[in-house]
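In: Sequence plus the predicted model coming up.
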Amino acid sequence: MLGRELAAIAGVTLPFDVQTNAVFARLPDGVAEALHARGWQFYQFSAADAWRFMCTWNTTKEAIQALIGDVREILAG
């Protein structure tokens with residue numbers, strides 16, 4: 001769900017297919033910093049010039065929707 005929702009946002013690309021609980025995404029400039037400022041925790045994955053998002057067994061649909069909402073809000077300016 002996270003990969004599908006991120007890939008649907010203009011300017012966001014996924015350099016790899018999602019195969020596990022990790023999603024790697026290339027974000028437009030400033031988005032990662034703004035998400036970190038909002039308390040989201042994810043990490044830079046320099047090997048792919050992307051950001052690494054991880055889901056756990058208890059990640060909720062609501063949490064993913066909140067993250068996607070924040071990305072869209074940040075991009076809307």
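Out: Sure thing, it's come through. This is a predicted model, so every value here is computed, not measured.

In: for this structure, what's the longest helix?
Out: What stands out as the longest helix in the chain, according to DSSP state H, is helix 61-76.

In: buried ones in that helix?
Out: 64, 67-68, 70-71, 74-75 (16 or more other Cβ atoms under 10 Å). Heads up, the C-betas are built off the backbone N, CA and C, glycines and all.

In: Could you dump those into a markdown table with distance to Met54 added?
Out: Output for the buried residues of helix 61-76, formatted as a markdown table (distance: Cβ to Cβ, whole Å):
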| residue | distance to Met54 |
| --- | --- |
| Ile64 | 12 |
| Leu67 | 12 |
| Ile68 | 16 |
| Asp70 | 17 |
| Val71 | 16 |
| Ile74 | 20 |
| Leu75 | 22 |
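
In: Which residues does the longest helix of the chain contact?
Out: For helix 61-76, contacts defined as Cβ atoms under 8 Å, 6 or more residues apart in numbering pick out 1-2, 5-6, 9-12, 27-28, 30-31, 34-35, 38, 40, 53, 55.
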